[in-house]
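> Dropping a prediction and its sequence here:
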Amino acid sequence: MTAMILTAHALCLPSPATVQELFSVARDASIIPDISLDPVLTTFLSLDSSAALQHQHAFLQRSMSGELQTAFGLNLTGELGGSSRVTSGGVGVVALALSVLFDQIAQQVRAQGSPEGNPSAQRCQPKRIFGISSSSRIGWIIHSYLRLIPGIANSQEQMAETTERHDNWLMLELIDHYERMITRKRMSSVSMQQWLAGAAFHLHMRIHQVRLHSVPPGSAESLRLSYKTALSRLVQGYTAYLHRNIQETPATGTPRTGTAGGPGQTNTLGRANMTCSSNHILNDSLVITSTDEFNETTTHNSTDDISRGCKTDGSTEDFGLDVSNRRNETTEVVVNRKTLDNTTGHEDVQGLLVIEPGRNVSHKVLHHPCESPAIQQALVTRIINAQDLERNRYFFLYPEKFFQGLLRQKDDFELKTN
């Protein structure tokens, strides 16, 4: 009897090729979540920040005509209060603020200098900052702080007051955000990415306060250890969240021949369904429900334009999803799974892969239905491995020598023209 049970289980193990094909389907549909730290954060919140900022400034100037360079320099000097030198401009959050400012002014002067440009074009608030929505509470606090820095960086007193105020706001929001994910079942890929970006930024706000002599060095070290512990717990919770939410059903029918990509491929017929509405139902559709709450506006890695097209009842705040559109706090993911083979009259039913609410795709991968649970487990592992979590953990695991180097950074930044 035991041998028969083991044989039955063995027959329900998917092949590595099947798992890879389904992972590729999800990746091609841009529904694989990405909670990793934005490269801009890891670049400018590092010991290499001064060199990175100098390189960015020189690159932007080289890419402009002489006239645009002049406009760029004048606008930049105006934003810096008429000064060409920025105190601690090459380090940490100040370097990050200048990097954002450089890009925004470069876009502005190019728009004004183009034939169809608007001479009175103004900089607008970006929809996303460091991979997260700037309209979320964490994103708003970060953007608000960075926007103020260029004009006050040369005043130690103003920098100290402004940094302390935004530090307190961000700390309270991160605590509340953490509690929502851990105790109120508000876990999602979007909320994980927001917390991670916010915690990384907050740590470097505290490090800059040490540079300003506003807080003792132990304050930054204590915060680093706190976030290191919190991240470990959140990764465990996020992994459990994926285990609960990833669902897969196989396609049925005979493989088509002559399609681009061959039998079982989905790159021509697979369709990502990223809906923000829970009541959009198609005829002959499969409705799958997930009881996990999610409170962020749905976003997709590398597909920022998709998030702009999602409607959340007029709300632009990531924590304000209208619960009136959820039935018993349940999110419905709807996918039209039936396609008709006109050459044979045979009706094929597409499979469905759901990663989390709002991230799903239909597919044509054929396998035995009993393999789905093992496929789901394997996909969780693949997705977690794709997050580059070791680099994220390292951000809060600085060696002592490296951490002390960050605290001692004092490089100013001076504007130079080619």
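That came through, no problem. Just so it is clear, the model here is predicted, and its values are computed rather than measured.
> CA only for contacts and neighbour counts going forward, please
Will do.
> where along this structure do the helices fall?
Secondary structure of the chain (DSSP state H): helices at 2-11, 16-28, 39-44, 49-62, 66-79, 92-113, 137-152, 156-183, 189-211, 217-245, 304-309, 372-385, 389-394, 400-408.
> Which of those helices comes out lowest on mean pLDDT?
Lowest mean pLDDT of the helices of the chain: helix 304-309, a mean of 38.
> Most tightly packed of the helices of the chain?
For the helices of the chain, the largest average neighbour count (mean count of other CA atoms under 10 Å) is found in helix 189-211, namely a mean of 23.
> quick one: it to helix 137-152, angle?
Using axes from the mean of the first three to the mean of the last three CA atoms, to 10 degrees, the inter-axis angle of helix 189-211 relative to helix 137-152 is 30 degrees.
> elements contacting helix 189-211?
In terms of contacts (3 or more CA pairs under 8 Å, 6 or more residues apart in numbering; DSSP states H and E), helix 189-211 is packed against helix 39-44, helix 92-113, strand 132-133, helix 137-152, helix 156-183, helix 217-245, helix 400-408.
> hmm, 6 Å instead?
Judged by 3 or more CA pairs under 6 Å, 6 or more residues apart in numbering; DSSP states H and E, helix 189-211 is in contact with helix 217-245.
> among the helices of the chain, which is nearest residue 361?
Closest to residue 361 of the helices of the chain is helix 16-28 (CA to CA; 6.9 Å).
> ok, and what's touching that closest one?
For helix 16-28, the external contacting residues (CA atoms under 6 Å, 6 or more residues apart in numbering) are residue 32.
> ok, now with 7 Å
Defining contact as CA atoms under 7 Å, 6 or more residues apart in numbering, one finds that helix 16-28 is touched by 32, 266, 361, 375, 379.
> One more: stretch 91-103?
Under CA under 7 Å, 6+ apart, the answer for stretch 91-103 is 44-46, 49-50, 53, 88-89, 146-147, 149-150, 204-205, 409-411.
> Run a quick neighbour tally on residue 34.
When counting by other CA atoms under 10 Å, one arrives at 21 neighbours for residue 34.
> re the thing from before, closest to residue 68 among the contacts of helix 16-28?
Using CA to CA, the shortest approach to residue 68 within the contacts of helix 16-28 belongs to residue 32, at 39.8 Å.
> how much space between the residue lying closest to that closest one once chain neighbours are set aside and residue 19?
Nearest residue to residue 32, sequence neighbours excluded (CA to CA, 6 or more residues apart in numbering): residue 26, at 5.9 Å. Using CA to CA, to the nearest Å, residue 26 is found at 11 Å from residue 19.
> same question, residue 149
As judged by CA to CA, residue 149 and residue 19 stand 48 Å apart.
> before we move on, what about residue 210?
Look at residue 210 and residue 19: by CA to CA, they are 49 Å apart.
> who's in contact with residue 369?
249-250.
> Can you report how many residues lie near the closest residue in space to residue 88 that isn't next to it in sequence?
Among residues not flanking residue 88 along the chain, residue 412 sits closest, at 4.2 Å (CA to CA, 6+ apart). Using other CA under 10 Å, residue 412 is surrounded by 16 other residues.
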